[in-house]
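Undergrad: Compute the structure for the input listed below.
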Amino acid sequence: MASVDGKIATAFGLLGIGLWLLALQFSDNRLLRLALLIGVGMVLPILINTIRARFGRDGHA
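TA: Okay, the predicted model is just below:
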């Protein structure tokens, strides 16, 4: 069974790719597309998993 951290990373990775593909259709701004891909697909799940680890898996300190 996959860990919750892995599921979060996979979900946000797929979301980042989806938003990047959507931005390809509607924006010519390369920085925006890169920010969506890296920010949503990599940075956001790392932050979420780090916060979850720091405050406990159930969200309490």
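
Undergrad: so where does residue 5 fall, helix or strand?
TA: With secondary structure defined by DSSP states H and E, residue 5 is part of helix 4-26.

Undergrad: Give me the buried positions along that helix.
TA: Buried residues in helix 4-26, counted by 16 or more other C-beta atoms under 10 Å: 5, 8-9, 12-13, 16, 19-20, 23. (Glycine included, C-beta is placed from N, CA and C.)

Undergrad: from these, which is closest to residue 46?
TA: Closest approach between the buried residues of helix 4-26 and residue 46, by C-beta to C-beta: residue 9, at 7.9 Å.

Undergrad: what about the closest residue to residue 15 other than its chain neighbours, neighbour count?
TA: Once flanking residues are discounted, residue 15 sits nearest to residue 40: 5.7 Å by C-beta to C-beta, 6 or more residues apart in numbering. Neighbour count for residue 40, taken as other C-beta atoms under 10 Å: 19.

Undergrad: Is residue 40 in contact with residue 19, as I believe?
TA: Yes. At 5.8 Å, residue 40 and residue 19 qualify as touching, with contact defined as C-beta atoms under 8 Å.

Undergrad: just for the chain, where's the confidence low?
TA: Applying pLDDT under 70 to the chain flags residues 1, 57-61.

Undergrad: Show me how far the helix holding residue 5 is from its chain's centre.
TA: From the chain centre to the centre of helix 4-26 is a distance of 6 Å (C-alpha atoms, centre = their mean, to the nearest Å).

Undergrad: what do you get for stretch 42-58?
TA: With C-alpha atoms, centre = their mean, you get 11 Å for stretch 42-58.
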